[in-house]
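> Pasting the sequence and the predicted coordinates here, then a few questions.
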Amino acid sequence: MTEAGTGGAGSGHGAPPGSTRLAWFHCFAGIAGDMALGSLLDAGADLFEVRALLRRLPIGGWTLDAAPVLRGGIACTRAIVRVTEAAVVPRRHADIAAMVAEARLPDRVARRSLATFAALAAVEGALHRQPPDRVHFHEVGGHDAVVDVVGTAAALEVLGVDVVASSPVAVGTGTTTTAHGTLPNPAPAVVRLLAGAPTFGRLLPVELTTPTGAALLATLATSFGPLPPMQVTASGFGAGTRELDELPNCTQVVLGSVTAAAAGGGQPVTLLEANLDDVTGEQLAHAVAALLEAGAHDAWVTPIVMKKGRPAHTLHALCDPVAAGHLREVFRTSTGTFGVRATAAERWPAARELSEVTVAGEPVRMKVGADRAKAEHDDVARVAARSGLPLHEVRSRAEEAWRRWAGPDGGRGQGTAEGGGDGSGQGSGPGTGSAPDPEAPEPEPEPEPEPGPDHSSQPGGPGT
């Protein structure tokens with residue numbers, strides 16, 4: 001069900017120049033590896049190009065076909081992987097990682113595939129109390145699962161997808177039969193893989209989301225929520241194995257391009273908060289540091305007054321939605337709080353880069369934006385302590401050194417002969433070199449050569 005013609009590998013599939021190519025998976029009926037791959041093939045990924053990338057894997061005994069089917073009356077593509085009996089063998093995570101590395105796949109295909117299997121290994125290792133590299137995959141170690149994961153990564157590359165997003169993920173209920181026996185539905189691996197992602201259950205005794213599908217979302221999706229702002233260019237449906245009476249058993253993918261002007265919305269984030277009236281200042285400082293160490297974009301504390309007039313504090317953390325589950329646990333372990341609340345939000349971070357100047361013979365990092373440069377406080381404090389200069393003086397000298405180096409127009413990539421050059425007279429731009437030390441002594445001028453005899457009027461001399 002593609003609205004645009006198929007494109008070559010990494011072609012962007014009709015995306016305007018300078019835009020970001022996005023794939024949003026709509027998991028209203030869950031997701032599995034073959035459903036993700038089928039949806040991308042249905043949206044226009046060229047089957048022959050996907051097969052060509054898969055054939056780089058050092059394994060044989062498999063075929064991949066795309067079959068048109070109906071699920072709940074919706075036209076879908078079912079990705080069918082057939083393997084020979086000899087190809088059905090359990091593998092360790094280390095074996096699969098070696099196969100992917102040996103295949104010489106495009107960089108994004110290899111990274112996305114390896115990340116998916118690494119997430120599966122980490123979860124399976126935790127569930128079975130084994131190191132990830134020693135985990136033996138059963139269902140997800142066979143040829144079909146390898147083809148599903150690497151095939152999905154290959155299809156994303158063929159379509160030129162830069163960013164993956166997802167809707168909340170549907171899961172079933174009851175029990176499901178696996179190589180480990182009868183397990184609760186959703187499977188324990190699915191629950192762990194989707195920690196921090198929005199999920200919801202359907203009253204269906206069917207495994208709607210498999211560990212492979214959950215691992216693909218856990219590693220590839222950068223955000224979860226409704227359809228992001230985009231210019232839609234194609235869509236497709238990947239069919240599940242069987243027909244369901246209650247809803248179409250398929251996963252939808254929507255492809256589109258996103259530009260800064262068209263997006264309007266900011267980067268999706270989750271704001272986590274907890275009100276605390278029984279912790280010390282030392283505990284609050286430790287909690288802020290632990291949240292930042294665990295991957296929060298930012299963490300801070302504000303004073304509040306709670307019921308009965310008790311002074312207290314609110315601990316805040318801003319994070320990616322997929323990291324919310326892990327950071328909730330950091331809240332609990334670092335403060336002992338009985339609860340954490342979450343709010344969906346957006347942020348619009350300004351573009352910035354890091355550069356470096358020299359003050360009193362010491363390096364000072366500078367955070368450089370479109371219209372200002374700010375010295376890193378830790379560096380300013382270090383230089384002040386070593387040089388004996390006041391903090392404000394070090395900061396002022398650092399900013400002045402930056403202005404002298406960057407020039408009146410900000411020096412974006414133009415540099416000057418004064419700053420960070422290589423001796424060729426071409427200075428280096430921000431982020432690639434260091435500005436000069438304003439305290440450095442001026443070089444002594446070279447002595448002028450003594451005048452010699454004037455040969456300008458003689459034959460063959462200069463000026464003839």
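Happy to help now that I have it. Keep in mind that what you see is a predicted model, and the values were worked out from it rather than measured.

> pLDDT score for Ala87?
Looking at Ala87, its pLDDT stands at 53.

> got the residue ranges for the strands in the stretch 201-350 of the chain?
For the stretch 201-350 of the chain, strands defined by DSSP state E, counting those that start in this stretch occupy the ranges 221-224, 231-239, 250-258, 267-276, 298-305, 311-319, 341-347.

> The fifth one - contacts with which helices or strands?
With contacts taken as 3 or more CB pairs under 8 Å, 6 or more residues apart in numbering; DSSP states H and E, strand 298-305 sits against helix 281-293, strand 311-319. C-betas here are computed from N, CA, C, even on glycine.

> Sort out which residues of the first one are buried, please.
Within helix 281-293, the residues that qualify as buried are Gln283, Leu284, Ala287, Val288, Ala290, Leu291, counting by 16 or more other CB atoms under 10 Å.

> List the contacts of the spatially closest residue to the third one that is not a sequence neighbour.
What sits nearest to Ala287 in space, not counting adjacent residues and going by CB to CB, 6 or more residues apart in numbering, is Ser334, at 4.0 Å. Residues counted as contacts of Ser334 (CB atoms under 8 Å, 6 or more residues apart in numbering) are Gln283, His286, Ala287, Ala290, Leu291.

> what's the next secondary structure element after the helix or strand containing Ala66?
Ala66 is part of strand 62-71 when elements are defined by DSSP states H and E. Towards the C-terminus, the helix or strand next in line after strand 62-71, according to DSSP H and E, is strand 74-83.

> what's near enough to touch the closest residue to Thr302 other than its chain neighbours?
Excluding its sequence neighbours, the residue lying closest to Thr302 (CB to CB, 6+ apart) is Thr314, at 5.0 Å. Applying CB under 8 Å, 6+ apart, we find Thr314 in contact with Glu273, Ala274, Asn275, Leu276, Val301, Thr302, Ile304.

> cool, Thr173 as well?
Listed by CB under 8 Å, 6+ apart, the contact set of Thr173 reads Asn185, Gly201, Arg202, Leu203, Leu204, Pro205.

> pLDDT score for it?
92.

> Are we agreed that it is in a helix?
No: counting by DSSP: H, G, I helix; E, B strand; the rest coil, Thr173 falls outside a helix, being coil.

> host element of Val150?
helix 143-158.

> Next, report how far the longest helix anywhere in the chain is displaced from the centre of its chain.
Using DSSP state H, we find that the single longest helix of the chain is helix 107-128. Here helix 107-128 shows a centroid-to-chain-centroid distance of 15 Å under the convention CA atoms, centre = their mean, to the nearest Å.

> cool, and stretch 207-226?
In terms of CA atoms, centre = their mean, the centre of stretch 207-226 is found 14 Å from the chain centre.

> what pLDDT, on average, does that stretch get?
pLDDT averaged over stretch 207-226 gives 91.

> and the one helix or strand Arg21 maps to, which strands flank it?
Taking DSSP H and E as the definition, Arg21 sits inside strand 20-26. Pairing partners of strand 20-26, with direction, according to DSSP bridges: strand 163-166 (parallel), strand 250-258 (antiparallel).

> Run through who's touching the helix or strand following that strand.
As assigned by DSSP H and E, the chain's next helix or strand after strand 20-26 is helix 33-42. For helix 33-42, contacts defined as CB under 8 Å, 6+ apart pick out 1-2, 23, 25, 47, 50, 66, 76-81, 144-145, 148-149, 151-152, 155-156, 159, 210, 212-213, 216, 236-241, 250-253.

> Can you flag the buried ones in the residues you listed?
The buried subset of the contacts of helix 33-42 (16+ other CB under 10 Å) comprises 1-2, 23, 25, 47, 50, 66, 76-81, 144-145, 148-149, 151-152, 155-156, 159, 210, 212-213, 216, 236-240, 250-253.

> ok, residues contacting stretch 60-68?
Residues outside stretch 60-68 that contact it (CB under 8 Å, 6+ apart) are 38, 41-42, 47, 50-51, 54, 75-84, 86-87, 143-144, 147, 151.

> Try it again at 6 Å.
41, 47, 51, 77-78, 80-84, 86-87, 143, 147 (CB atoms under 6 Å, 6 or more residues apart in numbering).
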